[in-house]
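Trainee: would you be able to build a 3D model of this:
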Amino acid sequence: MRCEDVKENLSAYIDNELEKAELSAIGGHINQCNGCGKEEKELRALVSAVGTMPRYTAPVHIARAVEDEVNRMEKMEKRPLDISKHRFILPVAIVAAAAVLIVVNVVLRDILQQKLGFLRALRR
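Mentor: The predicted model follows:
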């Protein structure tokens, strides 16, 4: 297992949220890799410190506002994209593609003309 993989899954490893095979693989890597072992100890210390902090309850109006916003965002994710609001995208994309083709054509034509001129000069 690579250090990148371990670091990506370290939080889930500490929280015991992984499959047994992954837990075992990460645990084996941590036992052999000083860098990942150090990072695991630091994360465990952080989790422990956060766990000892006092817990506060948000005021009701803030909790409701957060809940409403989460619900609104969930509804937006489920709603299909309304293409009618984005009617300009296709024409803009076509114009952009045409502009790119024109620039490429001009540049290639100039390069070919220069090479052709060079070859004609060599023949003389």
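Trainee: where are the low-confidence patches of this protein?
Mentor: Counting by pLDDT under 70, the ranges of the chain that qualify are 79-86, 124.
Trainee: how near is I14 to S48?
Mentor: From I14 over to S48 the distance is 10 Å, taken as Cβ to Cβ, to the nearest Å. (Glycine included, C-beta is placed from N, CA and C.)
Trainee: quick one, which of these two is more surrounded?
Mentor: Comparing I14 with S48 by other Cβ atoms under 10 Å, the one with more neighbours is I14, at 15 against 9.
Trainee: that one contacts L43, doesn't it?
Mentor: Yes: applying Cβ atoms under 8 Å as the test, I14 and L43 come out as touching, 5.9 Å apart.
Trainee: burial count for T57?
Mentor: Using other Cβ under 10 Å, T57 has 7 neighbouring residues.
Trainee: give the burial count for the nearest residue to L18 once chain neighbours are set aside, as a bare number.
Mentor: In space, and not counting its chain neighbours, L18 is closest to A12: 5.2 Å by Cβ to Cβ, 6 or more residues apart in numbering. Here the count is done by other Cβ under 10 Å, and A12 has 13 residues near it.
Trainee: so A12 sits against L23, correct?
Mentor: No: counting by Cβ under 8 Å, no contact exists between A12 and L23, whose distance comes to 9.1 Å.
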